[in-house]
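In: What shape does this take:
(one chain, ligands or ions: 1)
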Amino acid sequence: MKTYSLLALALFLSCQNNSTSSVANQMDGSTCAMEGTPNRNNSGTSAVKITEDKVKMIKVKGGKYNLGSDYFDDAKPGSVVEVDDFYIDEHEVTNAQFAQFVKETNYLTVAERPLDPKEFPGVDPSMLVPGSAVFVGNLEAGDLSNPLSWWEYVKGASWNHPEGPNSTIEGRENHPVVHIAYEDAEAYAKWAGKRLPTEAEWELAAKANTHSDEEFYWGEELKKDGKWMANTYQGDFPKKNFKLDGFSGSAPVKSYPANALGIYDMVGNVWEWCSDFYRAGYDNNSSKVNPKGPSDSHDPQEPGLVKRVQRGGSFLCVDSYCERYKAGGRGKGEINSPTNNVGFRCVKGI
Ligand SMILES: [Ca+2]
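Out: Below you'll find the model as predicted:
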């Protein structure tokens, strides 16, 4: 039994009896709403056709800048890195874009693939059906120490059925695609003739030549000139979302102001996969020129799981539980564990 399957087992059981799980992370300020989600097997295919999507890309001028943040333990130590010029999608990859990719390649996402019973010994095989984790909230949540209580593994949930088999993406064509595992994002990027951003590229684009050490990439206040700048969570997490920013779930891309480079939703809406493996903290001895991250991952909270970096936060970020939508904040995701608040955008070299 592979280590990564333990979380899925725990989640299946939690769905059955709502018991407190041993994998629930401690509330130490480094946890986020997507943690404690199920993990998947690693079979399947990848897209091979090389083509282009039609999304506008923004040129990000490279150079030296300060990567890292003293505010988050796993974003230390800061250092000066140098990144070449590159192009980045002006918005997160949408359902419409992903639908075109699937139409042309017949790609099957991780969430849609069967689960191998050999990877989940002891779990009722009838439970091993394709699906993904959906945020369902929890009106009874007390100390926020059990993320599994507000996530539910929904059979049949996938990118085109975001809340389960009876839901569709109709009317949400311009929302960011979700339930995307790392290899799904990579497959799309290859098809589009692009790639996923490195974390250093992502942060340079988020800083947009305007950010130094302010709390948010746009300044010191959550709202700027009275305007909501990102789709996050306002309210009593995970019980009641007041959606003061207009949306309780994902929002159509470009619903909030672009940053100074013309890039939308670098903060909030959905977490965005980066190509770097996740480790808690940056390595002072690593290359500082076009850094690509460590050669493998290690998350002290869940050692043994393979994780990649996610950035930007999502519509579930709220200060009482997860501040990682703030400048410098880092997310992390097990590579085969899609959820309904994780998507991506692509970049391309020049
Ligand atoms: Ca919101």
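In: all strands of the stretch 51-200 of the chain, in order?
Out: Applying DSSP state E, counting those that start in this stretch to the stretch 51-200 of the chain gives strands spanning 57-60, 63-67, 79-83, 86-89, 131-135, 151-155.
In: Within its sheet, name the partner strands of the fourth one and how each one runs.
Out: Each strand that strand 86-89 pairs with, and the sense of that pairing, follows from DSSP bridges: strand 57-60 (antiparallel), strand 347-349 (antiparallel).
In: quick check, distance from that strand to the centre of its chain.
Out: A distance of 18 Å separates the centroid of the chain from that of strand 86-89, by CA atoms, centre = their mean, to the nearest Å.
In: got it, and the third one?
Out: Distance, stretch centre to chain centre, for strand 79-83: 23 Å (CA atoms, centre = their mean).
In: Am I right that Ala205 is in contact with Met266?
Out: Yes: between Ala205 and Met266 a contact is recorded at 6.5 Å, counting by CB atoms under 8 Å. All C-beta atoms are positioned from the backbone trio N, CA, C, and that covers glycine.
In: Just want to know which of the two has more residues nearby.
Out: Met266 (29 against 25; other CB atoms under 10 Å).
In: My read is that that one contacts Ala206, right?
Out: Yes: using CB under 8 Å, Met266 and Ala206 qualify as a contacting pair, with a distance of 4.4 Å.
In: What residues does the protein have near the ion?
Out: Contact residues, the chain versus the ion (CB under 5 Å from the ion): 231, 245, 247, 315.
In: hmm, 6 Å instead?
Out: Neighbours of the ion within the chain, by CB under 6 Å from the ion: 231-233, 243, 245, 247-248, 315.
In: Now the two most distant members of those residues.
Out: Thr232 and Ser248 (10.9 Å; CB to CB).
In: Which neighbours do the two have in common?
Out: Shared contacts of Thr232 and Ser248, defined by CB atoms under 8 Å, 6 or more residues apart in numbering, comprise Phe315.
In: thinking again about what came up before, identify, out of the strands of the stretch 51-200 of the chain, the most deeply packed stretch.
Out: Across the strands of the stretch 51-200 of the chain, the average number of neighbours (mean count of other CB atoms under 10 Å) peaks for strand 131-135, which reaches a mean of 26.
In: Could you report the pLDDT at the residue nearest to Leu128 when sequence neighbours are not counted?
Out: The shortest distance from Leu128 to any non-neighbouring residue, by CB to CB, 6 or more residues apart in numbering, is to Leu115 (4.1 Å). pLDDT for Leu115: 89.
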